[in-house]
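Chemist: Sequence first, predicted model second:
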Amino acid sequence: ALVQAAVDAAGTPAEAVVAPFEALRTWSAANTRGCAFINALAELPDAAHPAHRVAADQKLWLLNLFEELAAAADCPRPAALATRLLVLHEGAIATQPLALDTLPEAVELARALVEAGSRVSRGPRDSQA
């Protein structure tokens, strides 16, 4: 619900692609023990375990959301961008318990990836406008 609210509040399609990172800011303030899904995947490596499947499905949901949002924002290669954003998002979550404050860098990098894709899809002439 937190991610969807952030997506819905985004002002532009490109901002919507980065919205899950903005939701992560709010989530991180209330969840200092890291991601229960990442923890479950580490503790329950058997893909047949029901909890493993639930955790994996959540990560696939986020990957699919990134891809849908990237496609809606006319980013080229939305599947590749979605994979990069998922890796970046999960890395920010995984490092959160270390108090390294990686989230601002992750948000900035996510925006740069989306913006780079947007410039490519608009073409060189349109990106200078």
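Modeler: Happy to help now that I have it. Numbering: from 1, shown residues only.
Chemist: now residue 74, what's its secondary structure?
Modeler: Secondary structure, DSSP: H, G, I helix; E, B strand; the rest coil: residue 74 is coil.
Chemist: That one: neighbouring residues, count only.
Modeler: 14 (other C-beta atoms under 10 Å). For every residue, glycine as well, the C-beta is placed using N, CA and C.
Chemist: Number the residues from 475 up from this point.
Modeler: Yep, numbering from 475; the last one is residue 548 now.
Chemist: and it, how far is that from residue 490?
Modeler: 12 Å (C-beta to C-beta, to the nearest Å).
Chemist: My understanding was that residue 529 contacts residue 514; is that so?
Modeler: Yes. Proximity of residue 529 to residue 514 meets the contact threshold set by C-beta atoms under 8 Å, at 4.1 Å.
Chemist: Counting neighbours, go ahead and name the busier of the two.
Modeler: residue 529 (21 against 18).
Chemist: Return the distance of the host helix or strand of residue 535 from the chain's centre.
Modeler: Following DSSP states H and E, one finds residue 535 within helix 524-546. In terms of C-alpha atoms, centre = their mean, to the nearest Å, the centre of helix 524-546 is set 10 Å apart from its chain centre.
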